[in-house]
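Need coordinates for the following:
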Amino acid sequence: MNYAAWELMDRRSGPGLHGRRWLRAGSRARYQRLVTGTVQRIRDEVGGAVRIVSGERAHSRTAKSSRHVPPEDRADPRERGDDAAVDLATAFLPALDLALLALRLMGQGVIPAGGVGVYPDFCHVDNRGTVKFWRGGGVSDADYARVTAAAQVARQAIRTRMEVG
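The predicted model follows:
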């Protein structure tokens, strides 16, 4: 694996890199599944360094059911699956292209279905089990239309694979 555990740990849990910690007992295993099943495969497809901007968090300002937050701490009990989330960026690929790549890989069955959020400087990816998508502030209507179209293609490909078996 090309990632260190500290890259995924809550950045606010302690001072410096060595002060970080997992927030819950199951956090390491959840993030191990996300990294090996999703993040590493995205990195391999890109052929270069994909930086983890954010991993686990104690809370989220923007979403009550954020996949960054441990399942036990999510506000909505229906959203307490065994999933995790990361925000990713590369120095050589725009966030939009990273989001489109993640959706394509989901449609191809290379990575598990999940949520993909596109923001101006990073792409959110999680492994919730269903294709969801959204945009952050600063993403143009034209770019979001591309994400919407890619998500629809991914959903259709997943449905087709399920029907064919």
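
Show the residue spans covered by the strands in this structure.
51-54, 85-89, 115-118, 123-126, 132-135 (DSSP state E).

Generate TSV for those, with mean neighbour count and mean pLDDT as supplementary columns.
No exception for glycine: its C-beta is placed from N, CA and C like everyone else's. Below are the strands of the chain laid out as TSV (neighbours: other C-beta atoms under 10 Å; pLDDT from 0 to 100):
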stretch	mean neighbour count	mean pLDDT
strand 51-54	16	93
strand 85-89	23	97
strand 115-118	24	98
strand 123-126	27	98
strand 132-135	18	97
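
so which of the ones you listed gets nearest residue 12?
Taking C-beta to C-beta, strand 51-54 is the member of these nearest to residue 12, at 10.5 Å.

For the protein, give me the ranges with low pLDDT.
Scanning the chain for pLDDT under 70 picks out the ranges 1, 15-17, 165.

From the centroid of it, which residue is nearest?
By C-alpha atoms, centre = their mean, the chain has its centre lying nearest to residue 125, at 1.6 Å.

residues in contact with that one?
38, 39, 42, 85, 86, 87, 88, 102, 114, 115, 116 (C-beta atoms under 8 Å, 6 or more residues apart in numbering).

The longest helix that the chain contains: which residues count as buried?
Ranked by residue count and defined by DSSP state H, the top helix of the chain is helix 141-164. Neighbour-count burial for helix 141-164, counted by 16 or more other C-beta atoms under 10 Å, picks out 143, 144, 146, 147, 150, 151, 153, 154, 155, 157, 158.

If you count contacts, what does it end up packed against?
Applying 3 or more C-beta pairs under 8 Å, 6 or more residues apart in numbering; DSSP states H and E, we find helix 141-164 packed against helix 95-107, strand 115-118, strand 132-135.

Dump those into a markdown table; add distance to residue 8 as well.
As requested, these are exported to a markdown table (distance: least, C-beta to C-beta, whole Å):
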| stretch | distance to residue 8 |
| --- | --- |
| helix 95-107 | 17 |
| strand 115-118 | 17 |
| strand 132-135 | 21 |
